[in-house]
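>>> turn this into a model:
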Amino acid sequence: MPIDKSWMQSGRSSEDYFAGVESFLNYAYNHVKPDDSKIFCPCSKCSNRYRHLRYEVHKHLLYNGIKLTYTTWYLHGEGEDDDSDESDESDSDNDGHDVASTEQDDDMHGLIEEGCPQDPNGDAHKFYKLLEEAEQPLYPGCESYSNLSFVVNLMHIKGIGTMSNKAFGMLLTLLKNAFPFCEKLPTTTNGAKKVISDLGLHYDKIDACNNDCIIYYKEHANATQCPTCKLSRWKGQGKGSKKKGKRVPWKVLRYFPLTPRLQRLFMSSKTAVDMRWHFKDRVKDGVLRHPADSEAWKSFNQIHESFGMEPRNVRLGLATDGFNPFGNMNLHYSIWPVLIYPYNLPPWMCMKEPYVFMTLLIPGPKGPCHDIDVYMRPLIDELQTLWEIGVETYDIYVKQNFQMRAALLWTINDYPAYAYMSGWSTSGKLACPYCASNTSHRRLSHGSKTCYLGHRRFLPSDHVWRNQGSQFDNTRERRLAPKRPSGDDVINELSELREITHGKD
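Okay, the predicted model is just below:
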């Protein structure tokens with residue numbers, strides 16, 4: 001028997017809506033485990049991201065209204081009955097109409113959802129198993145902490161308090177002896193790190209030259225000195241040095257792999273459906289509310305059809321800038337995080353802290369400046385793999401494995417950081433990346449600074465401001481706007497570049 005969902009379109013003060021909320025709650029709680037008292041809340045604010053008790057969900061639905069795009073109650077049991085009317089309809093003789101409507105209303109891979117569910121791939125199965133173990137209560141009856149959350153909090157305290165590994169291990173041993181019923185609590189620092197790293201929360205340490213010439217990565221992984229400036233990889237290990245003891249590198253780049261984090265967005269039931277938002281739930285009325293509404297997004301999908309046909313492929317943005325980690329405004333120390341934003345998510349999620357991924361932490365004390373390319377290499381290699389090959393990922397929403405690919409579409413920077421990331425200097429005579437060699441510039445005779453006054457070139461040829469020289473620089477503007485360089489023009493200019501040697505003198 002089909003489910004009556006017409007009440008979802010009724011006003012929140014109507015009798016039909018009140019009765020519909022009750023019928024929805026009854027339906028949802030008929031499909032939960034007997035010992036589970038919470039369900040996902042489909043109100044317009046929670047949007048199936050948070051679990052609440054029945055009375056809380058009831059209150060939210062009355063106050064906030066139900067999410068109107070939630071027409072298939074997949075998180076509340078719909079689709080679990082094998083002999084439902086919907087599955088009967090999908091087997092009817094009118095297969096062509098069903099396929100067309102499925103592709104139009106859901107997504108281009110909607111037919112997959114009607115197929116047999118697949119088991120998670122190896123990585124996903126391992127992740128779910130470890131997550132299940134890590135989310136066990138810290139001890140029987142504990143409601144405040146799981147084993148994972150307790151270890152994460154301890155590691156946070158260790159980092160904030162600059163606690164040594166030895167002191168942290170002693171603390172873990174003391175806790176284990178004092179609370180023997182915490183059976184799964186690790187007793188060493190390495191054991192605590194393993195609990196976190198097994199869930200894909202690890203990072204890699206990559207040594208770097210103190211002059212930013214290279215990072216000791218791939219072909220330089222085993223090198224003991226920089227091939228460019230000949231500086232030793234280790235502090236106090238210069239030519240002829242016989243110093244013994246633990247070797248300390250000059251700089252350490254911390255790299256947080258991006259791939260497992262993107263995979264977890266599909267492996268979590270709370271975010272898997274939201275990764276399709278740009279395709280299924282976005283309002284397409286010509287108003288720019290999200291990057292998916294932009295011409296760049298649409299043009300990219302047209303040029304790369306195989307990528308655009310899979311709505312689960314991830315579109316990314318990248319942002320970076322330097323800051324002083326010690327809470328003051330001086331420039332004696334500058335550290336550069338590199339952040340990745342997954343733009344498949346809706347606008348109220350994609351810019352929030354839980355979904356902003358730090359992939360690189362470039363060390364100080366001096367910023368990398370134009371040598372930032374050296375430190376970006378591990379991330380660029382991973383992005384190339386995600387673009388060209390992709391990675392097998394388990395989608396819990398449709399219970400299917402698929403080949404996830406990703407593309408970096410945008411970078412977000414201020415003007416100085418733009419110069420470092422793009423390689424185009426944003427200071428001096430040719431500071432405008434749009435005008436390039438046609439930049440209109442003038443050096444002030446007294447201030448000895450460069451100013452830019454060619455903006456009237458972009459006005460229509462008959463615009464009155466073109467003739468009002470007294471209001472600008474006492475000249476009439478007859479020039480047309482500079483021609484925008486094509487992709488071939490840019491490639492030709494890049495082919496003339498000489499080989500670049502990174503590093504500070």
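>>> show me where the stretch 351-500 of the chain has strands.
Ranges of strands in the stretch 351-500 of the chain, per DSSP state E, counting those that start in this stretch, are 357-362, 391-395, 400-404, 406-412, 442-443, 450-451.
>>> how does the protein divide into domains?
Split into domains by automatic domain parsing, the chain comes to 6-91, 135-197, 256-422, 436-495.
>>> on that earlier part again, same list (the strands of the stretch 351-500 of the chain) but as CSV, adding mean neighbour count.
To be clear about C-beta, it is placed using only N, CA and C from the backbone, and glycine gets the same treatment. CSV is the format used below for these (neighbours: other C-beta atoms under 10 Å):
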stretch, mean neighbour count
strand 357-362, 20
strand 391-395, 21
strand 400-404, 18
strand 406-412, 16
strand 442-443, 12
strand 450-451, 13
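>>> now the ones you listed as a markdown table including mean pLDDT and distance to Glu382?
Below are the strands of the stretch 351-500 of the chain laid out as a markdown table (pLDDT from 0 to 100; distance: least, C-beta to C-beta, whole Å):
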| stretch | mean pLDDT | distance to Glu382 |
| --- | --- | --- |
| strand 357-362 | 94 | 8 |
| strand 391-395 | 89 | 10 |
| strand 400-404 | 89 | 13 |
| strand 406-412 | 94 | 9 |
| strand 442-443 | 86 | 44 |
| strand 450-451 | 88 | 39 |
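>>> do you know which of these lies nearest Phe181?
Nearest of those to Phe181, taken as C-beta to C-beta: strand 391-395 at 34.4 Å.
>>> paired strands for that closest one, with orientation please.
strand 400-404 (antiparallel) (DSSP bridges).
>>> just how off-centre is the partner strand within its chain?
Here the centre of strand 400-404 is set off from its chain's centre by 18 Å, with C-alpha atoms, centre = their mean, to the nearest Å.
>>> can I get that strand as PDB, trimmed to CA atoms?
Only the C-alpha atoms of strand 400-404 are listed here, as PDB (Å, rounded to 0.1, in the frame of the first residue of the first chain):
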ATOM      1  CA  GLN A 400      27.000   0.300  -3.900                       C
ATOM      2  CA  ASN A 401      30.700   0.600  -4.600                       C
ATOM      3  CA  PHE A 402      31.600   3.200  -7.300                       C
ATOM      4  CA  GLN A 403      34.700   4.900  -8.700                       C
ATOM      5  CA  MET A 404      34.900   8.300  -7.100                       C
END
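>>> so what's the nearest residue to Lys284 once chain neighbours are set aside up against?
In space, and not counting its chain neighbours, Lys284 is closest to Asp293: 7.7 Å by C-beta to C-beta, 6 or more residues apart in numbering. Contacts for Asp293 (C-beta atoms under 8 Å, 6 or more residues apart in numbering) come out as 282, 284, 286-287.
>>> would JSON lines of these with pLDDT and secondary structure be doable?
Converted to JSON lines, the contacts of Asp293 look like this (pLDDT from 0 to 100; DSSP: H, G, I helix; E, B strand; the rest coil):
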{"residue": "Arg282", "pLDDT": "87", "secondary structure": "coil"}
{"residue": "Lys284", "pLDDT": "85", "secondary structure": "coil"}
{"residue": "Gly286", "pLDDT": "84", "secondary structure": "coil"}
{"residue": "Val287", "pLDDT": "88", "secondary structure": "coil"}
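>>> can you list the low-confidence ranges for the chain?
Along the chain, segments meeting pLDDT under 70 span 1, 79-119, 121-122, 133-134, 198-200, 237-245, 505.
>>> before we move on, back to that, which one of the domains of the chain lies closest to Ala208?
Nearest to Ala208, of all the domains of the chain, is domain 256-422, at 7.0 Å by C-beta to C-beta.
>>> circling back to that earlier point, closest one to His220 among the domains of the chain?
Per C-beta to C-beta, nearest to His220 of the domains of the chain: domain 256-422, 10.5 Å.
>>> and that closest one, end to end?
22 Å (C-alpha to C-alpha, to the nearest Å).
>>> from memory Val356 sits against Leu339, does it?
Yes. With contact defined as C-beta atoms under 8 Å, Val356 reaches Leu339; the gap is 5.4 Å.
>>> not counting its neighbours along the chain, what's nearest Leu331?
Excluding the flanking residues, the one nearest Leu331 by C-beta to C-beta, 6+ apart is Asn324, at 7.3 Å.
>>> and that neighbour, how many neighbours does it have?
Look at Asn324: counted by other C-beta atoms under 10 Å, it has 15 neighbours.
>>> can you check Ile389 too?
Neighbour count of Ile389, defined by other C-beta under 10 Å: 9.
>>> contacts for the strand or helix carrying Phe168, please.
Using DSSP states H and E, Phe168 sits in helix 165-178. Applying C-beta under 8 Å, 6+ apart, the contact partners of helix 165-178 are 154, 158, 163, 182, 185-189, 191-192.
>>> then stretch 37-46?
Applying C-beta under 8 Å, 6+ apart, the contact partners of stretch 37-46 are 28-29, 32, 48-54, 56-57, 60-61, 63-68, 70, 73, 75-76, 270.
>>> would you mind listing the buried residues in it?
By 16 or more other C-beta atoms under 10 Å, the buried positions in stretch 37-46 come out as 39-44, 46.
>>> how about stretch 429-439?
Neighbour-count burial for stretch 429-439 [16+ other C-beta under 10 Å]: 430-433, 435-436, 439.
>>> picking up where we left off before, any of the contacts of helix 165-178 buried? List them.
By 16+ other C-beta under 10 Å, the contacts of helix 165-178 give 154, 158, 163, 182, 185-187, 189, 192 as buried.
>>> mind checking which of those residues land in helices?
Residues of these located in helices (DSSP state H): 154, 158, 189, 192.
>>> out of those residues, the closest to Asp207 would be?
So of those, ranked by how close each gets to Asp207 (C-beta to C-beta), first place is Thr189, at 21.0 Å.
>>> what about the residue lying closest to the closest one once chain neighbours are set aside, how many neighbours?
Nearest residue to Thr189, sequence neighbours excluded (C-beta to C-beta, 6+ apart): Asn165, at 4.3 Å. Using other C-beta under 10 Å, Asn165 has 13 neighbouring residues.
>>> could you dump the buried residues of stretch 37-46 into TSV with distance to Lys176 and secondary structure added?
Listed next are these as TSV, based on distance: C-beta to C-beta, whole Å; DSSP: H, G, I helix; E, B strand; the rest coil:
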residue	distance to Lys176	secondary structure
Ile39	36	strand
Phe40	36	strand
Cys41	38	coil
Pro42	42	coil
Cys43	43	strand
Ser44	46	coil
Cys46	38	coil
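>>> CSV for those residues, including distance to Met349?
Converted to CSV, the buried residues of stretch 37-46 look like this (distance: C-beta to C-beta, whole Å):
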residue, distance to Met349
Ile39, 20
Phe40, 15
Cys41, 16
Pro42, 16
Cys43, 16
Ser44, 14
Cys46, 12
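>>> need the max-distance pair from the residues you listed.
Largest pairwise distance in these, by C-beta to C-beta, is 16.3 Å, between Ile39 and Ser44.
>>> follow-up on the earlier one: check the buried residues of stretch 429-439 and tell me the two furthest apart.
Largest pairwise distance in these, by C-beta to C-beta, is 10.1 Å, between Ala431 and Ala436.
>>> where's the residue nearest to Gly423 when sequence neighbours are not counted relative to Pro363, distance?
Closest residue to Gly423 apart from its sequence neighbours, by C-beta to C-beta, 6+ apart: His370 at 7.4 Å. From His370 across to Pro363, the span is 17 Å (C-beta to C-beta, to the nearest Å).
>>> settle it for me: which of these two has more neighbours?
Ranked by neighbour count (other C-beta under 10 Å), His370 and Pro363 place Pro363 first, with 19 against 16.
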